[in-house]
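1. sequence and predicted structure below; questions after.
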Amino acid sequence: MSDSTGPGGTSGGVFYGIDFGTWASALVVLRRGQPPLAVRDPVSAHGATFVRSAVCLLPDGSMLVGQAAQNSRLRYRERFRAEFKREFGEPFPHRLGERRFSSEELTARVLGFLVEQARRAVGAEPDRVAITVPATWERARRALMLDAAEAAGLRPETVEVHTEPVAAAVYALHDHGVDRERTILVYDLGGGTFDLAIARGTRDGLTVLGSPGGLPHAGGLAIDQVVLGLIRDRCPTALDCLRSSGESEGNSGSGRRADDRAAEVLRRRTQLAETCTAFKQQLSVSPEHTDLLTMLDPPVEVTLTQDELREAVRPLLSDTVAECERVLKGHGLGWADLDLIVPVGGSSRLPMVGELLATRSGRPVMDVSEPELAVATGAAWLARGAVPAHVAAPPALSDAPPEPRRVRTFPAGVRALLDAGLTDRMVLEAVRRART
């Protein structure tokens, strides 16, 4: 797929912009004479303008999506999946209960849920839909995203695919008054990936310079792991006990009692993961945050500060800045050639992100009010054709036929683990731990 838009300058109708994310997804609707409308998850307690990229297959065969799935993850732990965007396009399934689903099929369920909420909100079918994907995705996975969109009930002739940083650049140009010729760098730090693009343009149009860049495993989930490391520094014994209890439960035989113990360990581990996310979110707006970690035995009160997180996350953020410098150099540019840096994605709310970008670049960094919706909003403007976009000579999106995806073969033991519902990433992690 190319990053060209559909019919240019269309002013009427209904247009969807969809940002399918690793941790959460968003859909923004554009209608003539109306401000952009972000659809909401009806189950979310706070009416969040995003939907968790999570599914849960109930015993009756129905599928929960979003917050409803998240709420059911402990009761139906073997029927719950999240973060499956990481395995999008891989040739092995996720097992939910007795059924198996590919990542593309699960993606279609999330897209279908978003589309259903949009239809309820506006009462009309979309004339055009733009779906965004990471800049690092090759043609084959972009084609699979189109298949997922069709499976979600969207008419194929109305759907187009754009990269996430391109959509974010359109958002900056259209919604933030970039009304003269400028060269901008879009820094997209999302839940699971980091993407960037360099663009030149005005409100009359946008030219993306060659292929965008990115890092596939740098994002909010990686920052959560950094937070977990800080917590472990505070209470290593309690964390080790939680980890070892999970391993011992896995070897404690079978039966109802063993299942109950395993469920309890899973519940505590899930609470710890959610606590790490909460610390990250709180430290994006407060200089410090304190919480009582009741999932540990005994419970431990932990306080973390922005300064501690700033130092701990610096290597990860430095990698993203180095990727920016690599892409700039590839285009014969340097920081001084930029007029503006636009940070988007929910993880860019952390103040150390803007601080590091400003320090390393010496260039202005835009203050984006809703970074979580920037990509979906830009995609909606692309669907409407409000900002014509052109990609200058993108080698990754050439007209050459896509290379066939490599299909992996596995030993019988590994195949059994995959059939039991583990992803390849889980299996590899287990092997790595067994070797250390």
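-> Good, I have the coordinates. Fair warning: this is a prediction, and the values are worked out from it, not measured in the lab.
2. can you give me the helices for the stretch 301-436 of the chain?
-> Secondary structure of the stretch 301-436 of the chain (DSSP state H, counting those that start in this stretch): helices located at 306-330, 351-361, 374-384, 412-419, 424-435.
3. I meant the stretch 51-200 of the chain, not that one.
-> Under DSSP H, counting those that start in this stretch, the stretch 51-200 of the chain gives helices at 67-71, 103-122, 139-151, 164-175.
4. JSON lines for these, including mean pLDDT, distance to P299 and mean neighbour count?
-> (Each C-beta comes from the backbone N, C-alpha and C, glycine too.) Formatted as JSON lines, the helices of the stretch 51-200 of the chain follow (pLDDT from 0 to 100; distance: least, CB to CB, whole Å; neighbours: other CB atoms under 10 Å):
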{"stretch": "helix 67-71", "mean pLDDT": "92", "distance to P299": "24", "mean neighbour count": "21"}
{"stretch": "helix 103-122", "mean pLDDT": "95", "distance to P299": "35", "mean neighbour count": "20"}
{"stretch": "helix 139-151", "mean pLDDT": "95", "distance to P299": "43", "mean neighbour count": "18"}
{"stretch": "helix 164-175", "mean pLDDT": "82", "distance to P299": "40", "mean neighbour count": "29"}
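5. re earlier: mean pLDDT lowest where, among the helices of the stretch 301-436 of the chain?
-> Note on the helices of the stretch 301-436 of the chain: lowest mean pLDDT is at helix 412-419, with a mean of 40.
6. the residue lying closest to A108 once chain neighbours are set aside and E104, how far apart?
-> Closest residue to A108 apart from its sequence neighbours, by CB to CB, 6 or more residues apart in numbering: A151 at 3.8 Å. Distance from A151 to E104, counting by CB to CB, to the nearest Å: 8 Å.
7. what do the two both touch?
-> Residues touching both A151 and E104 (CB atoms under 8 Å, 6 or more residues apart in numbering): none.
8. which residue ranges of the stretch 1-150 of the chain form strands?
-> 14-19, 24-31, 37-38, 51-52, 54-57, 63-65, 80-82, 94-96, 99-101, 128-133 (DSSP state E, counting those that start in this stretch).
9. do you know which of those lies nearest S369?
-> Of all the strands of the stretch 1-150 of the chain, strand 37-38 sits nearest to S369, with 12.7 Å by CB to CB.
10. which strands or helices does the closest one pack on?
-> Other helices and strands packing on strand 37-38, by 3 or more CB pairs under 8 Å, 6 or more residues apart in numbering; DSSP states H and E, are strand 24-31.
11. again, only using 6 Å
-> When contacts are defined as 3 or more CB pairs under 6 Å, 6 or more residues apart in numbering; DSSP states H and E, strand 37-38 packs onto no helix or strand at all.
12. contact partners of that strand?
-> 28-29, 49, 373 (CB atoms under 6 Å, 6 or more residues apart in numbering).
13. and what of stretch 68-85?
-> With CB under 6 Å, 6+ apart, stretch 68-85 has contacts from 22, 43, 52, 54-57, 64, 94, 96-97, 103, 106, 266-267.
14. of all those residues, which comes closest to L114?
-> Looking across the contacts of stretch 68-85 and measuring by CB to CB, the closest to L114 is R52, at 11.3 Å.
15. can you pull the pLDDT of the closest one?
-> In this prediction, R52 carries a pLDDT score of 92.
16. do the one 4 residues further on as well
-> In the prediction, the pLDDT value recorded for C56 is 96.
17. so it sits against L64, correct?
-> Yes: with contact defined as CB atoms under 6 Å, C56 counts as touching L64 (4.4 Å).
18. circling back to that earlier point, now, of the contacts of stretch 68-85, which are buried?
-> Of the members of the contacts of stretch 68-85, the ones counted as buried by neighbours, 16 or more other CB atoms under 10 Å, are 22, 43, 52, 54-57, 64, 94, 96, 103, 106.
19. what sits against L304?
-> If you count contacts by CB under 6 Å, 6+ apart, L304 has them with 230, 279, 289.
20. mind checking the end-to-end distance for stretch 207-220?
-> By CA to CA, to the nearest Å, the extent of stretch 207-220 from end to end equals 28 Å.
21. in that stretch, which residues are buried?
-> 208-215, 218-220.
22. and that stretch, how far out from the chain's middle?
-> Chain-centre distance of stretch 207-220: 13 Å, with CA atoms, centre = their mean, to the nearest Å.
23. quick one: mean pLDDT over it.
-> Per-residue scores along stretch 207-220 average to 83.
24. any figure for the gap between G190 and I223?
-> From G190 to I223 the distance is 11 Å (CB to CB).
25. and those two? which has more neighbours close in?
-> G190 (29 against 25; other CB atoms under 10 Å).
26. for that one, give its distance to Q67.
-> 19 Å.
27. where does pLDDT dip in the stretch 151-300 of the chain?
-> Within the stretch 151-300 of the chain, the segments meeting pLDDT under 70 span 175-180, 202-204, 245-256, 258-259.
28. what do you get if the cut-off is 90, keeping everything else the same?
-> For the stretch 151-300 of the chain, the stretches with pLDDT under 90 are 163-183, 190-193, 195-197, 199-221, 237-271, 273-274, 295-298.
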